[in-house]
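**Q** Prediction below, plus the sequence it came from.
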Amino acid sequence: MSDCVGITEITVAAGWIAGLAILALIATGWRKTARAAADPARGPDPVAGSVGEDVVEVAAPIDRPTPVLRRLGAAAVGGALAVWIGAVVATIVGFGIAYGVITLSHMLKR
């Protein structure tokens, strides 16, 4: 019994994955739009006689800026999440590399 995987099996698996990915992309392109299109049959109002209403410019109120403590808190939480996710990724990559080195060194002993 062999632990090796043939190049043909890898190629066939990669082809299936690529084909399914293309099929998924095509399927997402065939979905219905979220909004209905405008009805061109609806024209101007026959009673009012105008196409639309006049546009009036209104000044928007200025919002207060975000407080400094809230910005600092958001930066601290974002930094903590970045460090945590980096540690998780480093652990996974480290285990993967260690497994690869152990597997390859074991193959050299044969």
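**A** Yep, it's here. What you see is a predicted model, and the numbers here were worked out from it, not measured in a lab.
**Q** Can you point out the buried residues in the least confident helix or strand in the chain by mean pLDDT?
**A** Of the helices and strands making up the chain, the lowest-confidence element is helix 7-29, at a mean of 87, by mean pLDDT, DSSP states H and E. Under the neighbour-count criterion of 16 or more other CB atoms under 10 Å, helix 7-29 has nothing buried. Yep, even glycine has a C-beta here, placed from its N, CA and C like the rest.
**Q** could you give the mean pLDDT of the helix or strand just after that helix?
**A** For helix 7-29, the following helix or strand on the C-terminal side (DSSP states H and E) is helix 68-108. In this model, helix 68-108 has a mean pLDDT of 91.
**Q** Any idea how far helix 68-108 is from the middle of the chain?
**A** 20 Å (CA atoms, centre = their mean, to the nearest Å).
**Q** tell me what it is packed against?
**A** The contact analysis (3 or more CB pairs under 8 Å, 6 or more residues apart in numbering; DSSP states H and E) places helix 68-108 against no helix or strand.
**Q** Who are the packing partners of the least confident helix or strand of the chain?
**A** Applying 3+ CB pairs under 8 Å, 6+ apart, one finds that helix 7-29 contacts no other helix or strand.
**Q** Give me the number of neighbouring residues for residue 84.
**A** 10 (other CB atoms under 10 Å).
**Q** Renumber starting at 29 from here on
**A** Okay, residue one is now 29; in that scheme the one you just asked about reads as residue 112.
**Q** And it, how far from residue 89?
**A** Residue 112 sits 39 Å away from residue 89, going by CB to CB, to the nearest Å.
**Q** and if you look at residue 50?
**A** As judged by CB to CB, residue 50 and residue 89 stand 50 Å apart.
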